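Colleague: output the structure for:
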Amino acid sequence: MKDVQRQTPEHPLYINKVGVKGLKYPIVVLDKARKDQHTVASLNIYVDLPREFKGTHMSRFIEVLNEYRQEIHIKKFEHILEEIKKSLGASSAHLEISFPYFIEKKAPVTGAAGLMEYRCKLIGTVGENKDFRVGVKVPVQTLCPCSKEISDNGAHNQRGIVSVVVRYNSFFWIEDLIAIVEECASSPVYPILKRPDEKYVTEYAYDHPMFVEDVVREVASRLDKRKEFSWYSVEAENFESIHNHNVYAYIESTHNEGK
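Modeller: Next up is the predicted model:
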């Protein structure tokens, strides 16, 4: 049959990225506690397209994905991208995978267990240069140091989201990256809290007040000490409880600084 995609286009211009976007697909990722975890991902998959070709073969993206969907994790990420590049006859390939990841989390006093959701992503490129990143979004609680200082009774606190993206030199567990973030806030967020747990969390946060600026600096300081990471960005957004706005902070490392 005639290969229309390989015909010469009317306007022979090089295209940087062409592919499929927003594809929902069941995948299996590594789980530190249970070996693996089944989840549903949203994927964007692209390759570059030479100027002499009218289009790319979209079905081949799905064929490669189907081959590896039982083992989507950072150990296989580069290999999957190389297969996409090879299958499409491209000089570069790009893959973005976003998925919910669940960790069983116990309340600090009663031990009541529930599943906590974290939004994760894998981002990779192979071509003239290679780039692999992992991102996590971690819910946290912060208590305002200024409010605690000036108030006779209590202090305002709020839930926030800390978003971390890292470039990595070696394998690491997503769970460990999440733990780093949770340790840098006034308190972690839990799926289930009984009254003794609420008392503990409230008092713990009061004893660990953190500005949004404190959170990103503390996370960055800890990531600087981890040899697995060659670069990182950290951003925190607090959903303010007494203001009609959110507060935000962002910090980014210098490539390979201190590594």
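
Colleague: sheet partners, orientation included, of the helix or strand that contains residue 135?
Modeller: In this assignment (DSSP states H and E), residue 135 forms part of strand 131-143. Looking at strand 131-143 with DSSP bridges, its partner strands are strand 113-126 (antiparallel), strand 157-168 (antiparallel), strand 187-188 (antiparallel).

Colleague: helices of the chain, residue ranges please.
Modeller: Secondary structure of the chain (DSSP state H): helices located at 58-68, 77-88, 145-150, 174-182, 195-207, 212-224.

Colleague: out of these, flag the one nearest residue 109.
Modeller: Nearest to residue 109, of all the helices of the chain, is helix 195-207, at 4.3 Å by Cβ to Cβ. Backbone N, C-alpha and C define where each C-beta goes, glycine included.

Colleague: convert that closest one to CSV, retaining C-alpha atoms only.
Modeller: The C-alpha trace of helix 195-207 is given here as CSV (Å, rounded to 0.1, in the frame of the first residue of the first chain):
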residue,chain,number,x,y,z
ARG,A,195,-8.7,12.7,67.4
PRO,A,196,-5.4,11.8,69.0
ASP,A,197,-3.7,12.1,65.6
GLU,A,198,-5.3,15.6,65.0
LYS,A,199,-4.0,16.7,68.4
TYR,A,200,-0.5,15.4,67.5
VAL,A,201,-0.4,17.0,64.0
THR,A,202,-1.7,20.3,65.2
GLU,A,203,0.8,20.6,68.0
TYR,A,204,3.7,19.3,65.8
ALA,A,205,3.0,21.9,63.2
TYR,A,206,2.9,24.6,65.9
ASP,A,207,6.3,23.5,67.0
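
Colleague: where are the low-confidence patches of the stretch 151-259 of the chain?
Modeller: Screening the stretch 151-259 of the chain residue by residue with the criterion pLDDT under 70, one finds the ranges 255-259.

Colleague: who does the closest residue to residue 81 other than its chain neighbours bridge with?
Modeller: Nearest residue to residue 81, sequence neighbours excluded (Cβ to Cβ, 6 or more residues apart in numbering): residue 126, at 4.3 Å. With DSSP bridges applied, the residues forming beta bridges to residue 126 are residue 93.

Colleague: neighbours of residue 126, just the number please.
Modeller: Neighbours of residue 126 under the rule other Cβ atoms under 10 Å: 23.

Colleague: look up how far residue 63 lies from it.
Modeller: Distance, residue 126 to residue 63, using Cβ to Cβ, to the nearest Å: 18 Å.

Colleague: returning to that earlier point: do you know which of the helices of the chain lies nearest residue 33?
Modeller: Among the helices of the chain, helix 174-182 comes nearest to residue 33, with 7.5 Å by Cβ to Cβ.

Colleague: is the residue nearest in space to the middle of the chain in a bridge, and if so with what?
Modeller: Centroid-nearest residue in the chain, with Cα atoms, centre = their mean: residue 135, separated by 2.1 Å. Using DSSP bridges, the beta-bridge partners of residue 135 come out as residue 121, residue 165.
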